[in-house]
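**Q** Got a predicted structure here, sequence first:
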Amino acid sequence: MNRPRRVATLIFLLGAALHWGTAGAATVSISCGAVGIELQLCKSGAQAWARKTGNTVHVVSTPNSSNDRLALYQQLLAAGSGSIDVFQIDVIWPGILKNDFVNLRPYLKPSRLAAQFPELIKNDTVDGKLVALPWYIDAGLLYYRKDLLDKYHRPVPTTWNQLAATARYIQDRERAAGHRRMWGFVWQGRAYEGLTCDALEWVDSYGGGTIVNDRGKVTIDNPNAVKAIQMAAGWVGNITPTGVLNYAEEQSRAVFQSGDAVFMRNWPYAWKLANSKGSPVRGKVGIAPLPMGGAHGRHVATLGGWQLAVSKYSKVKKQAISLVKYLTSEQEQKRRAIQGGYNPTYPALYKDKDVLAANPYYGALYHTLVHAVARPSRVTGTRYNQVSSEFWNAVHSTLAHEGDARTNLSELARQLNRLSGDGRHW
């Protein structure tokens with residue numbers, strides 16, 4: 001029996017008894033991330049709700065891999081299992097899992113939805129139904145070595161061409177001074193979802209669109225997209241190690257945090273780690289929006305983050321909805337931001353003095369989040385995983401110099417049009 005099936009069976013057996021609870025109360029089961037502070041904050045927040053309402057919460061830890069987690073969710077939901085009432089879902093899953101979740105819009109005041117980042121509410125709304133509520137948000141950021149930019153009197157780059165020039169300038173001089181392992185720029189180049197995030201930032205920053213537009217039309221075969229991907233291919237082996245073709249978030253962070261890179265693209269989580277006790281670059285790191293694609297481009301960050309959704313198969317929907325409303329509330333998100341650095345989905349919290357005291361970089365992060373771009377998961381629905389896979393493979397081939405961007409993106413567009421019936425059958 002494979003791992004997701006074993007976990008699913010265990011959850012099902014546990015869930016069969018958990019919903020009974022004591023007289024007049026219910027037990028709500030929620031899936032949470034399984035690692036460290038994430039699990040602790042989920043448990044403490046859920047327990048606070050339980051004390052307030054007189055109910056009980058059972059927290060189910062799930063696989064660390066998002067692919068394994070999605071496979072587990074799909075297995076449980078396909079079986080109509082009510083063993084998990086509240087699901088923690090990735091920002092790209094609402095379109096994939098839309099038919100299995102409760103429409104939350106009728107249970108919320110419009111003012112509450114209006115108080116959150118509009119792109120998130122839009123992302124979580126599928127076919128007019130709000131199938132999840134935002135819990136915390138992520139977006140791509142540019143990390144840079146403040147000390148090295150100061151040393152060489154270089155400003156923080158605002159365009160990709162400036163970044164490449166500065167990265168090469170500092171890389172060459174640091175190597176000449178004896179730091180032979182120094183690289184200019186590290187990012188996520190493995191053939192996986194992380195590369196879709198990085199490449200979407202490059203493409204959209206040049207005005208090349210978002211692979212598939214909001215109307216379902218495949219748009220990736222265009223000159224601006226070609227220019228962006230070909231630009232990135234030129235970095236590999238130049239300012240970026242060839243090993244980047246196997247880098248995910250942690251591999252790129254390891255290089256940057258060890259002091260062997262000038263710039264890094266990563267998610268906000270890397271800030272606290274880069275500045276943690278014992279980090280070689282502690283106090284030397286700055287963050288900024290990712291560069292624009294030229295003077296007429298724009299700063300683009302791919303939208304990331306996690307949401308909470310209520311299963312249609314839950315036997316305690318009323319209580320599950322109450323738990324989701326509590327955990328995604330502004331007050332609870334403030335607590336999570338202060339204690340764990342989880343980025344709130346309420347813009348007002350990025351001006352809160354307590355939150356800023358705990359996370360001084362939030363001022364810069366806010367502007368990035370405002371302009372975050374969503375992957376085309378909502379419009380492509382259950383076929384998003386295939387769309388993303390086709391995209392990252394085409395990009396990866398280009399980065400590995402297996403064909404050029406023009407040829408690879410043209411073939412990608414043909415494949416996606418076949419998949420969608422020219423955009424009619426997503």
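**A** The structure has been received and is ready for your questions.
**Q** number of nearby residues for the residue nearest to Arg154 when sequence neighbours are not counted?
**A** In space, and not counting its chain neighbours, Arg154 is closest to Thr166: 4.9 Å by Cβ to Cβ, 6 or more residues apart in numbering. C-beta here means a position set from N, CA and C on the backbone, and glycine is covered the same way. Neighbour count for Thr166, taken as other Cβ atoms under 10 Å: 23.
**Q** For whichever strand or helix holds Thr166, give me every contacting residue.
**A** Using DSSP states H and E, Thr166 sits in helix 160-176. With contact meaning Cβ atoms under 8 Å, 6 or more residues apart in numbering, helix 160-176 is reached by 142, 148-149, 152, 154, 157, 182-185, 202, 205, 231, 234-235, 238-239, 262-263, 291-294.
**Q** Would you list the phi and psi of the spatially most central residue of the chain?
**A** Taking Cα atoms, centre = their mean, the centroid of the chain lies closest to Gly304, which sits 2.4 Å from it. With angles defined as degrees, to the nearest 10, Gly304 sits at phi -130, psi -180.
**Q** Tell me the pLDDT of the closest residue to it other than its chain neighbours.
**A** Leaving aside its chain neighbours, Gly304 sits nearest to Asp138 (3.3 Å; criterion: Cβ to Cβ, 6+ apart). With respect to pLDDT, Asp138 scores 92.
**Q** doesn't Asp138 fall inside a strand?
**A** Yes - assignment of Asp138 by DSSP: H, G, I helix; E, B strand; the rest coil places it within a strand.
**Q** ok, now how distant is it from Lys109?
**A** For Asp138, the distance to Lys109 equals 26 Å [Cβ to Cβ, to the nearest Å].
**Q** quick one, which of the two is more surrounded?
**A** Asp138 (22 against 8).
**Q** Point out where the stretch 251-400 of the chain drops to low pLDDT.
**A** Applying pLDDT under 70 to the stretch 251-400 of the chain flags no residue at all.
**Q** how does it look with 80?
**A** Scanning the stretch 251-400 of the chain for pLDDT under 80 picks out 294-296, 364.
**Q** before we move on, what about the stretch 1-150 of the chain?
**A** Applying pLDDT under 80 to the stretch 1-150 of the chain flags the ranges 1-24, 34-36, 64-65, 67.
**Q** Show me the strands in it, by range?
**A** Using DSSP state E, counting those that start in this stretch, the strands found in the stretch 1-150 of the chain span residues 27-32, 56-61, 86-90, 125-126, 129-130, 133-139, 141-145.
**Q** What residues does Ser311 make contact with?
**A** 77, 82, 84-87, 100-102, 320.
**Q** Serialize those to a markdown table and add fields for neighbour count.
**A** Listed next are those as a markdown table, based on neighbours: other Cβ atoms under 10 Å:
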| residue | neighbour count |
| --- | --- |
| Leu77 | 18 |
| Gly82 | 21 |
| Ile84 | 29 |
| Asp85 | 31 |
| Val86 | 26 |
| Phe87 | 28 |
| Asp100 | 19 |
| Phe101 | 26 |
| Val102 | 22 |
| Ala320 | 26 |
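**Q** Can you tell me which of these end up in helices?
**A** Applying DSSP state H to those, the entries found in helices are 77, 320.
**Q** and the residue nearest to Gly304, what is it in contact with?
**A** So Asp138 contacts 91, 267-269, 303-305, 343 (Cβ under 8 Å, 6+ apart).
**Q** any idea which helix or strand comes after the helix holding Thr166?
**A** Following helix 160-176 toward the C-terminus (DSSP H and E): strand 183-186.
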